[in-house]
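[1] return a 3D structure for these sequence lines:
(one chain, ligands or ions: 1)
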Amino acid sequence: RNMRKTKKNLPPGPPRLPIIGNLHQLGSKPQRSMLELSEKYGPLMSLKFGNVPTVVASSPETVKDVLKTFDADCCSRPYLTYAARISYNLNDLAFSPYSKYWREVRKMTVLELYTAKRVQSFRHVREEEVASLVEFVKESASLGNAVNLSNTLMKLSGSVICRVGFGINLKGSKLEDTYEEVIRETMEVLGSFAAADYLPIIGRIIDRVTGLHSKCEKQHMEDESLKDDIIALLLKMERGEAGLGEYQLTRNHTKGILLVNTSGHTITWAMTHMIKNPRILKKAQAEVREVIKNKDTITEEDIEQLEYLKMVMKETVRINPLVPLLIPREASKDIKIAGYDVPKKTWIHVNIWGVHRNPNVWNDPEAFIPERFMDNEIDYKGLNFELLPFGSGRRMCPGMGMGMALAHLTLINLLYRFDWKLPEGMEIEDVDLEESYGLVSPKKVPLQLVPVLTQWS
Ligand code: HEM
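    Just a heads-up that it's a prediction; the model follows:
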């Protein structure tokens with residue numbers, strides 16, 4: 001009788017192997033594998049990774065349950081072995097469990113960095129950095145050189161975040177050359193499904209074999225070499241008396257905040273889809289040139305009038321949401337979702353990538369069609385559970401305003417001032433759309449395009 005009383009009604013899921021559970025079913029693209037499995041087992045599905053019970057939400061309804069209805073009980077983060085090592089015992093915002101510490105840091109960062117007023121007040125930083133990017137592209141165009149847009153745009157978002165967050169310029173600092181690599185590798189480590197999280201002892205051995213462990217160690221060491229710069233940053237922050245409630249800023253927070261700059265990847269995806277769809281590129285360019293006309297300076301007010309460009313951005317974050325499974329959550333008590341039991345400590349993955357590519361939610365989901373947002377109120381601001389590139393609820397990305405302001409401003413400049421073509425010998429079919437898998441999913445092969453000077457350059 002007791003057994004019957006405690007038997008849980010868990011969501012359905014695929015059969016498991018001993019010890020590893022369902023780990024073997026993740027493949028190289030976990031978000032895609034999870035979508036395929038959920039087509040068979042349902043929009044709330046149970047998986048077991050090693051000894052960690054997990055559920056995956058993959059329909060707008062179940063995602064809404066996790067991020068809204070039960071947000072308060074689903075907004076903690078599980079302990080991630082390598083995140084803890086890289087970000088020094090979870091002392092940062094994104095990986096911190098739901099706690100007093102997280103609430104304090106979140107409140108401070110939202111106030112200091114992300115409110116609409118603050119986003120506005122850093123506008124000149126974005127405008128200056130984008131202007132310097134335009135100069136760089138102009139130089140390449142006059143030499144007929146291809147630009148590695150993936151790297152250039154990553155550096156752009158890095159420069160903006162460092163200036164906004166810490167008041168320092170990446171240019172000329174020791175971080176300038178290493179920044180991109182450090183961020184990319186850190187993201188790779190953080191985004192991996194690490195065996196150590198799921199299989200005690202043997203997991204660490206597996207991570208040594210797969211190389212994840214050494215990547216993490218390398219991160220740790222490289223980080224030491226950045227120490228001087230980080231200390232310089234902190235001194236500046238402390239002089240600026242950026243208060244953190246009862247907590248003071250430490251190097252740990254800085255690293256945590258440093259991790260999050262993804263606008264560059266979003267712009268790269270937008271350019272990739274446009275170069276693959278010349279009709280869309282032409283239409284977006286025609287709109288931008290019509291609205292900007294011959295103005296010398298492009299400002300953020302111009303974004304408002306660019307209806308088609310905004311649709312291109314929405315379609316970009318739909319088809320390539322940069323954080324495809326959001327950051328994992330953990331149930332902080334026993335809850336019931338969609339009639340199923342989700343016991344305390346269960347890990348929760350929200351497969352927004354799957355929602356964005358679900359044919360029951362979107363027509364022809366694999367195709368890049370900005371026009372699908374015409375006469376359609378769906379937006380990415382966390383209120384429509386069909387489109388959630390920034391998540392929703394308490395853990396929603398606080399950098400959305402900042403990230404999208406930069407992405408739009410950069411795209412306007414790239415489209416208005418230059419024409420774009422593929423490097424010699426490359427055809428449209430050669431531009432691939434492969435994502436690299438990690439916590440963030442940027443384009444795997446860097447995008448190289450040749451800018452062409454125009455009368456507006
Ligand atoms: C296009 C750019 C960006 C995208 C697509 C993006 C997306 C996301 C997503 C999906 C999450 C996880 C939400 C969840 O777990 O429910 C997140 C968290 C976060 N993002 Fe962003 N983000 C972007 C830009 C930024 C920028 C520019 C900043 C900082 C200036 C930032 C700061 C953060 C922080 C601190 C968190 C952790 C929040 C928490 O756990 O409380 N993001 N972001």
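[2] what is the neighbour count of Arg417?
    21 (other C-beta atoms under 10 Å). Bear in mind the C-beta positions are built from the backbone N, C-alpha and C, glycine included.
[3] isn't it up against Glu135?
    No: counting by C-beta atoms under 8 Å, Arg417 sits too far from Glu135 to count as a contact (10.5 Å).
[4] residues from the protein in reach of the ligand?
    93-94, 106, 113, 161, 260-263, 266, 322-323, 326-327, 389-391, 395-399, 402-403, 407 (C-beta under 6 Å from any ligand atom).
[5] where does the residue of the stretch 251-400 of the chain at minimum distance from the ligand land on pLDDT?
    Nearest to the ligand, among the residues of the stretch 251-400 of the chain, is Gly399, at 2.1 Å (C-beta to the nearest ligand atom). Listed pLDDT for Gly399 reads 84.
[6] which phi and psi does it have?
    Note on Gly399: its backbone torsions stand at phi -100, psi 10 [degrees, to the nearest 10].
[7] distance of it from Leu93?
    Counting by C-beta to C-beta, to the nearest Å, the gap from Gly399 to Leu93 is 10 Å.
[8] same deal with Ser58?
    The gap separating Ser58 from Leu93 is 26 Å, by C-beta to C-beta.
[9] look at the two and report which has more neighbours.
    Higher neighbour count among Ser58 and Leu93: Ser58, with 27 against 21, using other C-beta under 10 Å.
[10] next, the contact list for the more buried one, please.
    34-35, 38, 43-45, 351, 354-355, 358 (C-beta atoms under 8 Å, 6 or more residues apart in numbering).
[11] secondary structure for those residues - can I get that in JSON lines?
    Below are the contacts of Ser58 laid out as JSON lines (DSSP: H, G, I helix; E, B strand; the rest coil):
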{"residue": "Met34", "secondary structure": "helix"}
{"residue": "Leu35", "secondary structure": "helix"}
{"residue": "Ser38", "secondary structure": "helix"}
{"residue": "Pro43", "secondary structure": "coil"}
{"residue": "Leu44", "secondary structure": "strand"}
{"residue": "Met45", "secondary structure": "strand"}
{"residue": "Asn351", "secondary structure": "coil"}
{"residue": "Gly354", "secondary structure": "helix"}
{"residue": "Val355", "secondary structure": "helix"}
{"residue": "Asn358", "secondary structure": "coil"}
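[12] and the residues you listed, which is closest to Pro365?
    Ranked by distance to Pro365 (C-beta to C-beta), the contacts of Ser58 are led by Asn358 at 6.5 Å.
[13] which non-adjacent residue is nearest the closest one?
    Pro365 (6.5 Å; C-beta to C-beta, 6 or more residues apart in numbering).
[14] that neighbour and Leu453, how far apart?
    For Pro365, the distance to Leu453 equals 37 Å [C-beta to C-beta].
[15] which of those two has more residues huddled nearby?
    Between Pro365 and Leu453, Pro365 has the larger neighbour count (other C-beta under 10 Å), namely 17 against 14.
[16] surely the more buried one is within a strand?
    No: Pro365: not assigned to a strand; according to three-state DSSP it is coil.
[17] which residues does stretch 364-384 contact?
    273, 276-277, 280, 308, 310-312, 314-315, 317-319, 356-359, 362-363, 386-393, 396, 400.
[18] torsion angles phi and psi at the closest residue to Ser457 other than its chain neighbours?
    Closest residue to Ser457 apart from its sequence neighbours, by C-beta to C-beta, 6+ apart: Arg417 at 4.9 Å. Dihedral pair for Arg417: phi -80, psi -30, per degrees, to the nearest 10.
[19] quick one: Arg417 and Met271, what's the gap?
    13 Å.
[20] now swap in Pro278 and tell me
    On the measure of C-beta to C-beta, Pro278 and Met271 end up 13 Å apart.
[21] residues contacting the residue nearest to Ser457?
    134, 137-138, 454, 456-457.
[22] what about Thr454, neighbour count?
    Thr454, neighbours per other C-beta under 10 Å, totals 13.
[23] so it sits against Leu414, correct?
    No: with contacts counted by C-beta under 8 Å, Thr454 stays clear of Leu414, the gap being 11.5 Å.
[24] now that we have the contacts of Arg417, which one has the most neighbours?
    Val137 (22 neighbours).
[25] which non-adjacent residue is nearest that residue?
    Nearest one to Val137, counting by C-beta to C-beta, 6+ apart, is Pro451 at 4.9 Å.
[26] now what about the helix or strand that neighbour falls within, what contacts it?
    Using DSSP states H and E, Pro451 maps to strand 448-453. For strand 448-453, contacts defined as C-beta under 8 Å, 6+ apart pick out 137-138, 140-142, 144-149, 271, 275, 418-423.
[27] out of these, list just those in helices.
    137-138, 140-142, 149, 271, 275 (DSSP state H).
[28] list buried residues within those residues.
    137, 140-141, 149, 271, 275 (16 or more other C-beta atoms under 10 Å).
[29] so Glu330 is in contact with Pro343, correct?
    No: applying C-beta under 8 Å, one finds Glu330 not in contact with Pro343, separated by 10.9 Å.
[30] now do the contacts for the closest residue to Tyr416 other than its chain neighbours.
    Once flanking residues are discounted, Tyr416 sits nearest to Val288: 4.7 Å by C-beta to C-beta, 6+ apart. Val288 sits next to 306, 309, 412, 415-416 when contact means C-beta under 8 Å, 6+ apart.
[31] ranking those by neighbours, who comes first?
    Leu415 (25 neighbours).
[32] need the CA coordinates for stretch 103-119. PDB is fine.
    The C-alpha atoms that make up stretch 103-119 are tabulated as PDB, following Å, rounded to 0.1, in the frame of the first residue of the first chain:
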ATOM      1  CA  ARG A 103      18.100  38.200  -6.000                       C
ATOM      2  CA  GLU A 104      20.600  40.800  -4.800                       C
ATOM      3  CA  VAL A 105      22.900  40.500  -7.800                       C
ATOM      4  CA  ARG A 106      20.000  40.400 -10.200                       C
ATOM      5  CA  LYS A 107      18.400  43.500  -8.700                       C
ATOM      6  CA  MET A 108      21.700  45.300  -9.000                       C
ATOM      7  CA  THR A 109      22.500  44.300 -12.500                       C
ATOM      8  CA  VAL A 110      19.000  45.100 -13.700                       C
ATOM      9  CA  LEU A 111      19.100  48.500 -12.200                       C
ATOM     10  CA  GLU A 112      22.700  49.200 -13.200                       C
ATOM     11  CA  LEU A 113      22.700  47.900 -16.700                       C
ATOM     12  CA  TYR A 114      19.500  46.800 -18.100                       C
ATOM     13  CA  THR A 115      16.600  49.100 -17.400                       C
ATOM     14  CA  ALA A 116      15.200  51.000 -20.400                       C
ATOM     15  CA  LYS A 117      16.700  54.200 -19.100                       C
ATOM     16  CA  ARG A 118      20.200  52.600 -18.700                       C
ATOM     17  CA  VAL A 119      20.000  51.000 -22.200                       C
END
